[in-house]
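Trainee: Here is a sequence with its predicted model. Questions after.
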Amino acid sequence: LLLNYIGGSRDVGLADLPEEEIISEVDKGCRQVLLKSDAPPPKVLGLKIWPTAIPQYELGHQELISDLEKAEAEVPGLWVCGNYRS
């Protein structure tokens, strides 16, 4: 049983593909790194597309966090929260 996460901020167009093509891309990737090329075809139990799922940290994220911490220290009562913070 394999659970795959693909796409993301660097491949946003993937979510617009037909389900069969997404499954084919996942299968191709699994065969490159996990499965033998002659493995049986996949048995797909489900496919869920999350268009605005997990945020991705970009270059400069650590500097942004440092700037936020500095601003919070300088401004009483300022709290910056969210997924990018954790």
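Mentor: Now that the structure is in, tell me what you want to look at.
Trainee: For E69, which three-state class applies?
Mentor: For E69, the assignment made with DSSP: H, G, I helix; E, B strand; the rest coil gives helix.
Trainee: gap between it and V75?
Mentor: 11 Å (CB to CB, to the nearest Å). In short, each C-beta sits where N, CA and C put it, glycine included.
Trainee: The two: which is more packed in?
Mentor: A count of neighbours by other CB atoms under 10 Å puts E69 above the other of E69 and V75, at 12 against 9.
Trainee: Tell me the pLDDT of that one.
Mentor: We have a pLDDT of 93 for E69.
Trainee: how about the residue most central in space within the chain, secondary structure?
Mentor: Nearest to the geometric centre of the chain sits G8, at 4.3 Å (CA atoms, centre = their mean). What three-state DSSP gives for G8 is coil.
Trainee: OK, contacts around I23?
Mentor: I23 is in contact with 42, 44, 47, counting by CB atoms under 8 Å, 6 or more residues apart in numbering.
Trainee: Can you check the pLDDT for the residue lying farthest from the centre of the chain?
Mentor: Within the chain, the residue lying farthest from the chain centre (CA atoms, centre = their mean) is P76, at 34.4 Å. P76 carries a pLDDT value of 92.
Trainee: can you tell me which helix or strand it belongs to?
Mentor: If you go by DSSP states H and E, P76 is not part of any helix or strand.
Trainee: for this structure, which spans come out with low pLDDT?
Mentor: Scanning the chain for pLDDT under 70 picks out the ranges 52-56, 83-86.
Trainee: now the strands for this protein?
Mentor: For the chain, strands defined by DSSP state E do not occur.
Trainee: Is there a neighbour count for I22? I'd like the number.
Mentor: Using other CB under 10 Å, I22 is surrounded by 19 other residues.
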